[in-house]
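Colleague: My questions are about this predicted structure, shown below with the sequence.
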Amino acid sequence: MLRETIRSLAEAKIAPHAAAVDEEARFPQEALDALVASDLHAVHVPEEYGGAGADALATVIVIEEVARVCGSSSLIPAVNKLGSLPVILSGSEDLKKKYLGPLAKGDAMFSYALSEPDAGSDAAGMKTKAVRDGDFWVLNGVKRWITNAGESEYYTVMAVTDPTKRSKGISAFVVEKSDPGVSFGAPEKKLGIKGSPTREVYLDNVRIPADRMIGEEGTGFATAMKTLDHTRITIAAQAIGIAQGALDYAKGYVQERKQFGKPIGDFQGVQFMLADMAMKLEAARQLTYAAAAKSQRLDGDLTFFGAAAKCFASDVAMEVTTDAVQLLGGYGYTRDYPVERMMRDAKITQIYEGTNQVQRIVMARNLP
């Protein structure tokens with residue numbers, strides 16, 4: 001029922017704007033409005049804070065179905081979970097009440113600020129600093145590749161509070177867009193997901209109350225990594241959705257397109273391509289759903305499964321979307337058809353929330 005609901009909403013309210021959102025590289029406001037109106041923009045927020053209280057699998061299905069029609073729009077529910085999960089996992093009760101309520105209501109979005117110009121895969125090498133000043137912390141630094149930066153009201157920011165301790169000297173904070181000293185760089189000019197702004201976040205003597213620290217001092221990096229165990233599964237869901245959209249379109253196209261006197265879908269070479277696309281996509285989906293169940297149960301092997309789902313699903317998405325472009329031939333290479341957009345959108349799923357090379361390191365260290 002959830003899938004039917006979100007699919008009909010996505011088809012009616014999000015799909016019609018997907019091409020324009022990509023072409024104009026603009027935020028998909030129509031998608032945000034539609035998701036908020038149906039209470040599907042942040043389904044993961046627990047009921048006690050005014051949210052829908054959806055489990056990890058339901059959240060995956062929402063993201064998957066939105067991504068099927070628009071990759072950029074699927075980052076609204078995905079990044080709302082990524083940004084707010086540190087608060088859900090480690091935040092004080094006061095912090096949860098203050099920030100999860102507006103998120104659940106649709107009054108604010110939540111972004112996640114971990115990466116920096118010199119700290120990508122090596123996130124523990126960050127330079128952003130937070131210095132204690134009485135009942136306040138003062139933050140200085142630059143965060144890069146921040147999804148929905150400038151659109152989101154709230155940001156989970158990781159900063160160094162004790163430079164002598166490397167990862168154990170990193171703490172997490174909630175920073176608000178309206179805090180004095182917060183500003184944003186120009187939107188990055190990207191290959192895909194053009195409707196989701198990616199910008200630098202500048203923190204210039206940003207002075208925030210001490211009670212905005214998420215969890216204990218020095219636990220920020222651990223919270224960040226624990227968060228990614230759960231949210232990598234949402235990126236797997238996004239990858240699956242994009243790939244499904246491409247497969248659906250290609251499947252329809254090969255039945256219509258005629259060459260040598262018959263539909264190209266009648267040729268065995270084309271049938272084999274479609275069969276491989278569907279088989280790999282379904283394997284990715286099952287792995288992702290299994291990982292989502294583990295996320296919900298907090299299973300001990302979640303770290304492996306989260307990394308495996310994200311890595312496998314994104315590699316499959318890149319392969320399926322590339323094959324979809326191939327099946328459309330010259331048409332697939334033009335912007336008049338949606339598969340080239342899907343191919344461009346799929347690429348980032350192999351990179352963000354940890355490159356697939358990093359996922360393989362994570363898997364190797366956590367073999368079940």
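Modeller: Received the coordinates, thanks. Numbers count the residues shown, from 1 in each chain.
Colleague: Domain boundaries for the protein, per the record?
Modeller: 2-105, 110-216, 221-365 (automatic domain parsing).
Colleague: and the longest one, average pLDDT?
Modeller: To tie it back to what came earlier, the one meant is domain 221-365. Computed over domain 221-365, the mean pLDDT rounds to 98.
Colleague: any chance of the domains of the chain in JSON lines, plus mean neighbour count?
Modeller: C-betas here are computed from N, CA, C, even on glycine. Shown next, in JSON lines, are the domains of the chain (neighbours: other C-beta atoms under 10 Å):
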{"stretch": "domain 2-105", "mean neighbour count": "21"}
{"stretch": "domain 110-216", "mean neighbour count": "19"}
{"stretch": "domain 221-365", "mean neighbour count": "20"}
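Colleague: contacting residues for the residue nearest to residue 303 when sequence neighbours are not counted?
Modeller: Counting by C-beta to C-beta, 6 or more residues apart in numbering, residue 303 lies nearest to residue 366, which is 4.5 Å off, once chain neighbours are set aside. Counting by C-beta atoms under 8 Å, 6 or more residues apart in numbering, residue 366 touches 301, 303-304, 307.
Colleague: can I get these in a markdown table with secondary structure and distance to residue 124?
Modeller: Listed next are the contacts of residue 366 as a markdown table, based on DSSP: H, G, I helix; E, B strand; the rest coil; distance: C-beta to C-beta, whole Å:
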| residue | secondary structure | distance to residue 124 |
| --- | --- | --- |
| 301 | coil | 23 |
| 303 | helix | 17 |
| 304 | helix | 21 |
| 307 | helix | 17 |
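Colleague: which of these lies closest to residue 163?
Modeller: Closest approach to residue 163 among the contacts of residue 366 (C-beta to C-beta): residue 303, at 27.1 Å.
Colleague: can you tell me how far the closest one sits from residue 229?
Modeller: Using C-beta to C-beta, to the nearest Å, residue 303 is found at 5 Å from residue 229.
Colleague: do residue 129 as well
Modeller: Distance from residue 129 to residue 229, by C-beta to C-beta: 26 Å.
Colleague: quick revisit: dihedrals phi and psi, the residue nearest to residue 303?
Modeller: Per-residue torsions, residue 366: phi -130, psi 40 (degrees, to the nearest 10).
Colleague: Could you tell me how far it is located from residue 307?
Modeller: On the measure of C-beta to C-beta, residue 366 and residue 307 end up 7 Å apart.
Colleague: and what of residue 113?
Modeller: With C-beta to C-beta as the criterion, residue 113 and residue 307 are 22 Å apart.
Colleague: you'd agree residue 141 is in a strand?
Modeller: Yes: assignment of residue 141 by DSSP: H, G, I helix; E, B strand; the rest coil places it within a strand.
Colleague: my guess is it contacts residue 131, does it?
Modeller: No: checked against C-beta atoms under 8 Å, the pair residue 141 and residue 131 is beyond contact range at 11.1 Å.
Colleague: Could you find the closest non-adjacent residue to residue 46?
Modeller: Using C-beta to C-beta, 6+ apart, the closest residue to residue 46 is residue 53 (5.3 Å).
Colleague: go on, residue 344?
Modeller: Excluding its sequence neighbours, the residue lying closest to residue 344 (C-beta to C-beta, 6+ apart) is residue 192, at 3.5 Å.
Colleague: Could you say which helix or strand holds that neighbour?
Modeller: Counting by DSSP states H and E, no helix or strand carries residue 192.
Colleague: from what I can see residue 68 touches residue 239, true?
Modeller: No: counting by C-beta under 8 Å, residue 68 sits too far from residue 239 to count as a contact (11.1 Å).
Colleague: Dead centre of this protein: give me the residue that sits there.
Modeller: Against the mean C-alpha coordinate of the chain, by C-alpha atoms, centre = their mean, the closest residue is residue 78 at 4.3 Å.
Colleague: nearest residue to that residue other than its sequence neighbours?
Modeller: residue 234 (4.4 Å).
Colleague: Packing partners of the one helix or strand that neighbour maps to?
Modeller: Secondary-structure assignment from DSSP H and E places residue 234 in helix 220-256. If you count contacts as 3 or more C-beta pairs under 8 Å, 6 or more residues apart in numbering; DSSP states H and E, helix 220-256 packs onto helix 56-69, helix 71-90, strand 154-160, strand 170-176, strand 262-263, helix 268-297, helix 302-327, helix 339-347.
Colleague: Partner strands of the shortest one, with direction?
Modeller: So that's strand 262-263. Here strand 262-263 has these sheet partners by DSSP bridges: strand 258-259 (antiparallel).
Colleague: How far off centre is the partner strand?
Modeller: Offset of strand 258-259 from its chain centre (C-alpha atoms, centre = their mean, to the nearest Å): 39 Å.
Colleague: rewinding a little: am I right that the residue nearest to residue 46 is in a strand?
Modeller: No: remark: residue 53 does not belong to a strand; assigned using three-state DSSP, it is coil.
Colleague: Pretty sure it sits against residue 47.
Modeller: Yes: contact criterion C-beta under 8 Å: residue 53 and residue 47 qualify, at 3.8 Å.
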